[in-house]
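Asker: Here's a sequence, model it:
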Amino acid sequence: MNSTIQALTIAGFDSGGGAGLQADLKTFQERMVFGTSVLTALPVQNTQGVKSVYDIPLSAISDQLKAIEEDFSINAVKTGMLFTEDIIRLTSAFLKQGNFGPLVIDPVMVAKSGHALLKESAVQALMEELLPLATVVTPNIPEAEVMTEKSICSKEDMIEAGKMIQALGAKNVIVKGGHHLEGNESSDMLLLSNGEIDWLSSERIKTKKTHGTGCTFSACVTAELAKGFSVQEAVHTGKAYIQAAISDSIDVGLGNGPTNHWAYRKVEQL
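Answerer: Numbers count the residues shown, from 1 in each chain. Reported below is the predicted structural model:
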């Protein structure tokens, strides 16, 4: 029996290396998990934004999924940019017919540059087809507002949004509070399947180097779940990992720079 822990990311591309498949695979590697990947869309982007998005044929996505299934023992799956309703339905059908371990959904909708990474027509399919399969879903506040059609302005609103998203079928929901700009703390709300609420707070860091934070955080959670940790343990590690990745910045690109994917290893060595 193969003892190497393996994870799969089903997501879009980032030619700048800070988000998407690239961020996921870097994070898997840092967490000592072997990463596999399926490319769903080809955004041309760098730290200054998304220039354009090229479609990947549905048959090519299907072939990639089949290739993974026939050769790897996947312990956990993460989805990122799925872009269209057809891709969501294909991914959902694939996940339903196999045993791939916990599923983490990062409901990628809009790039930091404002470019749409999920077509409006696909939002409903995401909620109807994928959310009921999710072990964890990780929306930021703008994504949670789209999913709930409610404005989120307070911690109470974050809790209510989490409950609404959980009612759609996701077992555990984390609403990330980084988009709340007031105060000196960034607080994320984890709503567990048993109804328990866990707040994860960290120092808010004033920086432009936050490209790929959502991808990186959810990839870390996926890696920890693949290793057998509980949802709560995985999310706490993910929070510490992304905090280190933002705090210990690197100088790459002219725009919203990427996080430092190797920063957390320094923390663990302390």
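
Asker: looking at this, residue 130 is in a helix?
Answerer: Yes. Counting by DSSP: H, G, I helix; E, B strand; the rest coil, residue 130 is part of a helix.

Asker: For the stretch 1-150 of the chain, which segments are assigned as strands?
Answerer: Counting by DSSP state E, counting those that start in this stretch, the stretch 1-150 of the chain has strands at residues 6-11, 34-39, 41-46, 49-55, 76-79, 103-105, 136-137.

Asker: out of these, nearest to residue 64?
Answerer: Of all the strands of the stretch 1-150 of the chain, it is strand 34-39 that lies closest to residue 64, at 4.2 Å by C-beta to C-beta. Glycine gets a C-beta too; all of them are placed from N, C-alpha and C.

Asker: Give me the three-state assignment for residue 208.
Answerer: Recorded secondary structure, residue 208: coil (three-state DSSP).

Asker: quick one on the thing from earlier: need the strands of the stretch 1-150 of the chain in TSV with mean neighbour count and distance to residue 262, can you?
Answerer: Putting these into TSV (neighbours: other C-beta atoms under 10 Å; distance: least, C-beta to C-beta, whole Å) gives the following:
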stretch	mean neighbour count	distance to residue 262
strand 6-11	28	18
strand 34-39	20	15
strand 41-46	20	20
strand 49-55	14	25
strand 76-79	28	19
strand 103-105	27	21
strand 136-137	30	24
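
Asker: So which of the ones you listed is nearest residue 152?
Answerer: Residue 152 lies closest to strand 136-137 among the strands of the stretch 1-150 of the chain, at 15.0 Å (C-beta to C-beta).

Asker: partner strands of the closest one, parallel or antiparallel?
Answerer: The pairing partners recorded for strand 136-137 under DSSP bridges are strand 103-105 (parallel), strand 172-175 (parallel).

Asker: how far does it sit from the chain's center?
Answerer: In terms of C-alpha atoms, centre = their mean, to the nearest Å, the centre of strand 136-137 is found 9 Å from the chain centre.
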